[in-house]
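Engineer: just to be clear, the model below is a prediction. Sequence and coordinates:
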Amino acid sequence: MVTGEKRQQLSWFLTLVIVAIVSFVAGARSDALFANVASVFGVRTSNKTIDLSSVQKTYQELIANYDGKLDTQKLIYGANRGLVEAAGDPHTAYMDPDETKEFDKSLSGQIGGGIGAEIGLRNNKPTIIKPLENSPAQKAGIKAGEAIVKVNDEASSDWSVEKVVSKIRGEVGTSVKLTLLSGGQTREVSVVRQNIVSPAVESEIDGEIGILKVNRFGDDTVSLSRKYASEFVEKGVKKVILDLRNNPGGTVGAAQGLLGIWLDNQIAMTERRGPEIVKTLRTTGTPILGNMKTVVLINGNSASASEITAGALREYGKATLVGQKSYGKGSVQIVLGLPGGSQMKVTEARWYTPKGKNIDKTGIEPDVKVDLSSDDVNNNVDPQMDKAKSL
């Protein structure tokens, strides 16, 4: 028998369900509504949802008490960002629509307005790795090894490289002010942004040595690398130097294709969750340089796909590694699209070399260790390249 109180509860329940169905049909997200219905009537929800009522409470208190104008969209982005960052993984990150566009451009080399400098982490601080030749950064006197402590007067010492880059980039012809730290001294530099074109791959032939400089693992990395590798063969090159220094990585598919220039359908890496192998990825393409003597250059900013490539080439006996220990990023991220043009990178697994080694936080030690100082870079001296050529 249904009492008056229970009849009223049932009526409210049916009303909420009908509203939820209408919302779903209209294309609106009704997850939160169903979660509220479930909590009211004691129904157990899926572990894929969490109670965000405290966030709504925070928002209500904020708009009720904040003395100023609030941008609701920015608050939504901030809430999403905080949720993802709370995972505690530096490689799992939320990107709002503007950051998403910059990320997509970086994979294709469409940098737009920038200063023309390689930026990486040194001592956990964003640092100038190398100003590009004839770039605005070089012309402004920016030197390798200088830490970026502020961008337009915003403290940046604890920012990710991606955030620093996104803040430095902007409309061509506008200026960005950097506060740089070196030797305990800070200085301010104003740089006018210019259109910067960053090639994925560059090549050079020095006598009988072919040099393949891979700057990123992106959309055109494999096609350009194969083109230059074919040219090396045609021109009688006897040895190849694959320069992966300061290469932060990119797509795993590009690493598989680059490795395929040396390896014929071999295991490039495995992905594991705990002890379980969830995916085995093999090299792709014809091994144009399969029997070519090869040296790979790495340093502390060689990460991710660079480490996949360097690790596999050494374990299959195809290359000698020269330089400094690599960064140590042994995880794999998947990029997921989110509503409104946002997206996020999520660590989905750990990757292992063909022989089953994970290099996360430890990096890859070179076979021949050669240091490269900031003074070397600023004086256009490259002992690492010199050593690679001599082997």
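Structural biologist: Structure's in. What do you need? Numbering: from 1, shown residues only.

Engineer: and the pLDDT for residue 76?
Structural biologist: As predicted, residue 76 sits at a pLDDT of 94.

Engineer: and it, which of the three is it?
Structural biologist: Here residue 76 is recorded as helix under DSSP: H, G, I helix; E, B strand; the rest coil.

Engineer: separation between it and residue 128?
Structural biologist: Separation of residue 76 from residue 128 (C-beta to C-beta, to the nearest Å): 34 Å. For glycine as for every other residue, the C-beta is placed from the backbone atoms N, C-alpha and C.

Engineer: for the two, indicate the residue with more neighbours.
Structural biologist: Shown here are residue 76 and residue 128; by other C-beta atoms under 10 Å, residue 128 has more neighbours (24 against 15).

Engineer: mean confidence for the helix or strand where the more buried one lies?
Structural biologist: Using DSSP states H and E, the element containing residue 128 is strand 125-131. On average, the pLDDT along strand 125-131 is 88.

Engineer: correct me if wrong: residue 323 contacts residue 366.
Structural biologist: Yes. At 5.1 Å, residue 323 counts as touching residue 366 under the criterion of C-beta atoms under 8 Å.

Engineer: which one of these two has more residues nearby?
Structural biologist: Counting neighbours by other C-beta under 10 Å for residue 323 and for residue 366 shows that residue 323 has the greater number, 29 against 23.

Engineer: need the helix or strand of the chain with the lowest average pLDDT.
Structural biologist: helix 31-40 (a mean of 31; mean pLDDT, DSSP states H and E).

Engineer: hang on, residue 350 in a strand?
Structural biologist: Yes. Remark: residue 350 belongs to a strand, assigned using three-state DSSP.

Engineer: so what's the residue count around it?
Structural biologist: Around residue 350 there are 17 residues (other C-beta under 10 Å).

Engineer: beta partners of it?
Structural biologist: With DSSP bridges applied, residue 350 shows beta-bridge pairing to residue 272, residue 331.

Engineer: now it: how far from residue 89?
Structural biologist: Counting by C-beta to C-beta, the gap from residue 350 to residue 89 is 12 Å.

Engineer: can you list residues touching both of these two?
Structural biologist: Common neighbours of residue 350 and residue 89, using C-beta atoms under 8 Å, 6 or more residues apart in numbering, are residue 331.

Engineer: helix, strand or coil for residue 242?
Structural biologist: strand.

Engineer: quick one: it from residue 209, how far?
Structural biologist: 11 Å.

Engineer: show me which of the two is the more surrounded one.
Structural biologist: More neighbours surround residue 242 than the other of residue 242 and residue 209, with 28 against 18 (other C-beta under 10 Å).

Engineer: and the pLDDT for that one?
Structural biologist: Residue 242 is given a pLDDT of 98.

Engineer: which one is it nearest to, not counting chain neighbours?
Structural biologist: Spatial nearest neighbour of residue 242, chain neighbours left out: residue 296 (4.7 Å); criterion: C-beta to C-beta, 6 or more residues apart in numbering.

Engineer: with residue 314 instead?
Structural biologist: residue 321 (5.6 Å).

Engineer: what about the strand holding residue 128, distance to the chain center?
Structural biologist: Distance of strand 125-131 from its chain centroid, counting by C-alpha atoms, centre = their mean, to the nearest Å, is 16 Å.

Engineer: check stretch 287-306 too.
Structural biologist: 19 Å.

Engineer: just stretch 91-106 next, same as before
Structural biologist: On C-alpha atoms, centre = their mean, the centre of stretch 91-106 falls 9 Å from that of its chain.

Engineer: and stretch 173-190, by the same measure?
Structural biologist: Counting by C-alpha atoms, centre = their mean, stretch 173-190 comes out at 24 Å from the chain centroid.
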